[in-house]
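**Student:** this one's structure only:
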């Protein structure tokens, strides 16, 4: 008999979200634990076990669960390992799929977190009938999932789709965790928006701005958003600049794989048109005419966590169970 | 009975090369005509007919030929049209496959010129056993063909793989035929090398260089190569800079599709290690550790024209004939 449920887990830089999912794509129950408080992965898994196992028991125990699907930064679908993830505390090569299997007694499949979100978007979201699209997650970092001909692009070694680390300002801003200069993530992430804010406020000491009322620790992308909504000029310029960088990058991605749509996820998308308008403008301006006014630029309709949990669980439905 | 021959045609910005090919990938006979001397495509086809039809007759006439495969800039595999090719004289949408079919009475398939070269490389060249690779043609312009899971990436509309037009220096050098600023082709093409030479000689009037002996019209990428081989400092810096731009771009492409190899074609590759060393250095320096020291950077072993002719003819072998 086919097992009715699967577990989907989304491991992010700050939190891991997990849920029990049925074959129709309904998340029955979900919870989260922090990811940046465990020095070793085994402690993280122990913590997860305490919260996840009772959920599994409530759907009838492991015998009703087909397996665990996980999305994680630098998660490799071929090896089931997280390898050198710049935004996680656990360094080196972490055999997380094996460790989870031993702990839970359930088949565990791993993929890149952004690929899991793309899969969720393809199965349950606004890319449901698309064969060519790219998802970009604008959160603490910038993740991406690329779908070509209805398949997630994983490349020859399972690591494809690291668009957040592509260079868009050669020799530009230092991205601290990777050491790269001028990568997309250095600008178009929550962290990047904060850095742009600090730069603009420092470089234009004469310009008035509500943002000067914030202490430096409070100068988050949310603060920039709130200020922009109140008509603050600097805050608006911060989103204009972020959208410019993002739009230029998207143009490059479009000229690579010519997708039907780009689906944006993540915290920064709360900025709505403040981000979307400059992004679209600079995207179109940097495209060859054959690509212009063709590519849909969408915000995901799924909650980010839901997309990743659903997408991760889909790794299990794709197994024969 | 299976037809024994196919025609392969490679339409470039300057010349169109064509040949009759057998199923084993042997080019029996080939010739070329200019592409930049015909104001309308019909005249170009008439000229081609005069040289190509006698070749077809020498293998027994059209009844022995399965069809014509063509590669051309902005050639679309779905529609058989060349659409708004910036490097060709024929503007707008050119239904070249239909026009060729009517003229020759042979089934004609069209694809992007760089995709044809990638297909040739996959069937007969150094990417023979690879499922994930990218070809980059460094000629008058910069073309690209992307192979993922053994298939050419064409995207949702047939136009994917325009990596020469991706932006690598935002706000940088004007690329005249597209109006884009700072695209790869503005730097890493024969035209780009010439422009870099003019810039460097102008910006450093005090620096001695053999290149100053050339008249401005003669200041070609070949002149730069010859001077570099004689130890000229400026000429060497031109290749160092070209390799830097190319290497940074290749790093971006690798983080998109994680290929096993990048295969370089075209006139600029004659510069050999002068170009290869800085390219590799800057490619590796801009990659996340998970991608470093993994991707082969190869020069094509096929002659550029041969790869494109063979690849174009492969469009026909893939039809059921």
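**Tutor:** Structure received. Keep in mind that what you see is a predicted model, and the values were worked out from it rather than measured. Residues are numbered from 1 along each chain as shown, chains lettered A, B, ... in the order given.

**Student:** ok, the spatially most central residue of chain A - contacts?
**Tutor:** By CA atoms, centre = their mean, chain A has its centre lying nearest to residue A:137, at 3.7 Å. Contacts for residue A:137 (CB atoms under 8 Å, 6 or more residues apart in numbering or on different chains) come out as A:113, A:114, A:117, A:143, A:144, A:264, A:265, A:266, A:304. For every residue, glycine as well, the C-beta is placed using N, CA and C.

**Student:** Other residues contacting the helix or strand residue A:192 falls within?
**Tutor:** Using DSSP states H and E, residue A:192 sits within helix A:190-203. Under the criterion CB under 8 Å, 6+ apart, residues A:138-141, A:173, A:185-187, A:207, A:209, A:211-212, A:216, A:219-221, A:223-224, A:234-235, A:237-239, A:241-242, A:267-268 lie in contact with helix A:190-203.

**Student:** List only those of those residues flagged as buried.
**Tutor:** Buried subset of these (neighbour count, 16 or more other CB atoms under 10 Å in any protein chain shown): A:138-141, A:173, A:185-187, A:209, A:211, A:219-221, A:223-224, A:234-235, A:237-239, A:241-242, A:267-268.

**Student:** Among those residues, which lie within strands?
**Tutor:** Taking DSSP state E, the ones among the buried ones among the contacts of helix A:190-203 that sit in strands are residue A:138.

**Student:** For the stretch 201-321 of chain A, what lies in contact range of chain B?
**Tutor:** Counting by CB under 8 Å from any CB of the partner chain, the residues of the stretch 201-321 of chain A lying close to chain B are A:248, A:251-253, A:255-260, A:286, A:288-291, A:294.

**Student:** Determine which two of these are furthest apart.
**Tutor:** Using CB to CB, the two most remote members of those are A:248 and A:260, lying 20.2 Å apart.

**Student:** what's residue A:265 in contact with, if anything?
**Tutor:** Neighbours of residue A:265 in contact, by CB under 8 Å, 6+ apart: A:117, A:121, A:135, A:136, A:137, A:138, A:139, A:299, A:300, A:302, A:304, A:307.

**Student:** From residue B:307, how far out is the second one?
**Tutor:** So that's residue A:121. With the distance defined as CB to CB, to the nearest Å, residue A:121 ends up 37 Å from residue B:307.

**Student:** Which one's more surrounded, these two?
**Tutor:** A count of neighbours by other CB atoms under 10 Å in any protein chain shown puts residue B:307 above the other of residue A:121 and residue B:307, at 32 against 28.

**Student:** for the stretch 101-250 of chain A, what spans make up the helices?
**Tutor:** Per DSSP state H, counting those that start in this stretch, the stretch 101-250 of chain A has helices spanning A:113-124, A:190-203, A:221-229, A:233-257. These are given in chain order.

**Student:** does residue A:145 have beta-bridge partners, and which?
**Tutor:** Following DSSP bridges, residue A:145 is listed with bridge partners residue A:135.

**Student:** So for stretch A:306-321, mean pLDDT?
**Tutor:** Taken as a whole, stretch A:306-321 carries a mean pLDDT of 80.

**Student:** can you check stretch A:127-143 too?
**Tutor:** In this model, stretch A:127-143 has a mean pLDDT of 93.

**Student:** buried sites along that stretch?
**Tutor:** By neighbour count on 16+ other CB under 10 Å, the buried set for stretch A:127-143 is A:127, A:130, A:132-143.

**Student:** tell me how far the ends of that stretch are from each other?
**Tutor:** For stretch A:127-143, the separation between the terminal residues is 17 Å (CA to CA, to the nearest Å).

**Student:** How far off centre is it?
**Tutor:** On the basis of CA atoms, centre = their mean, to the nearest Å, stretch A:127-143 is displaced by 8 Å from the centre of the chain it belongs to.

**Student:** try stretch A:236-246
**Tutor:** The answer for stretch A:236-246 is 19 Å, by CA atoms, centre = their mean.

**Student:** Can you tell me what sits against that stretch?
**Tutor:** Around stretch A:236-246, the neighbours that count as contacts under CB under 8 Å, 6+ apart are A:136, A:138, A:168-169, A:184, A:187-188, A:192-193, A:196-197, A:200, A:224-225, A:228, A:268, A:271, A:274-283.

**Student:** For the residue in the stretch 51-200 of chain A that chain B sits nearest to, what are phi and psi?
**Tutor:** Among residues of the stretch 51-200 of chain A, the one nearest chain B by CB to the nearest CB turns out to be residue A:155. It sits 2.5 Å away. When read as degrees, to the nearest 10, the backbone of residue A:155 gives phi 80, psi -180.

**Student:** Hmm, residue A:112 is touching residue A:161, no?
**Tutor:** Yes: if you go by CB atoms under 8 Å, residue A:112 and residue A:161 touch, sitting 6.4 Å apart.

**Student:** list residues touching both of those two?
**Tutor:** With CB under 8 Å, 6+ apart applied, the overlap between the contact sets of residue A:112 and residue A:161 consists of A:145, A:154.

**Student:** The stretch 51-200 of chain A against chain B: which residues are in contact?
**Tutor:** Taking CB under 8 Å from any CB as the criterion, the contact residues of the stretch 51-200 of chain A with chain B come out as A:74, A:83-84, A:86, A:130-132, A:146, A:148-149, A:151, A:153-163, A:165-170, A:178, A:180.

**Student:** which of the residues you listed are buried?
**Tutor:** If you count burial by 16+ other CB under 10 Å, the buried members of these come out as A:74, A:83-84, A:86, A:130, A:132, A:146, A:148, A:153-163, A:165-170, A:178, A:180.

**Student:** In the stretch 201-321 of chain A, where is pLDDT below threshold?
**Tutor:** Of all residues in the stretch 201-321 of chain A, those with pLDDT under 70 make up the ranges A:304-305, A:319-321.

**Student:** For chain B, what's the nearest residue on it?
**Tutor:** residue A:258 (2.5 Å).

**Student:** Could you report the neighbour count for that residue?
**Tutor:** Using other CB under 10 Å, residue A:258 is surrounded by 23 other residues.

**Student:** what does residue A:42 give?
**Tutor:** Neighbours around residue A:42, by other CB under 10 Å: 13.

**Student:** That one sits in which helix or strand?
**Tutor:** Of the helices and strands defined by DSSP H and E, residue A:42 is found in helix A:41-58.

**Student:** Other residues contacting that helix?
**Tutor:** Contacts for helix A:41-58 (CB under 8 Å, 6+ apart): A:7, A:9, A:16, A:18-20, A:28-29, A:31, A:33, A:35, A:38, A:62, A:65, A:90, A:94, A:96, A:99-100, A:103-104.

**Student:** Which of those residues fall in strands?
**Tutor:** Where those overlap with strands, as defined by DSSP E, the overlap consists of A:7, A:9, A:16, A:18, A:19, A:20, A:28, A:29, A:31, A:33, A:65, A:94.

**Student:** The closest residue in space to residue A:92 that isn't next to it in sequence and residue B:141, how far apart?
**Tutor:** Nearest residue to residue A:92 in three dimensions, chain neighbours excluded: residue A:84, at 6.7 Å (CB to CB, 6 or more residues apart in numbering or on different chains). Using CB to CB, residue A:84 is found at 37 Å from residue B:141.

**Student:** Same check on residue A:76?
**Tutor:** Between residue A:76 and residue B:141 the computed distance is 36 Å (CB to CB).

**Student:** Then residue A:158?
**Tutor:** Taking CB to CB, one finds residue A:158 at 33 Å from residue B:141.

**Student:** do the same with residue A:186
**Tutor:** For residue A:186 relative to residue B:141 (CB to CB), the value is 30 Å.
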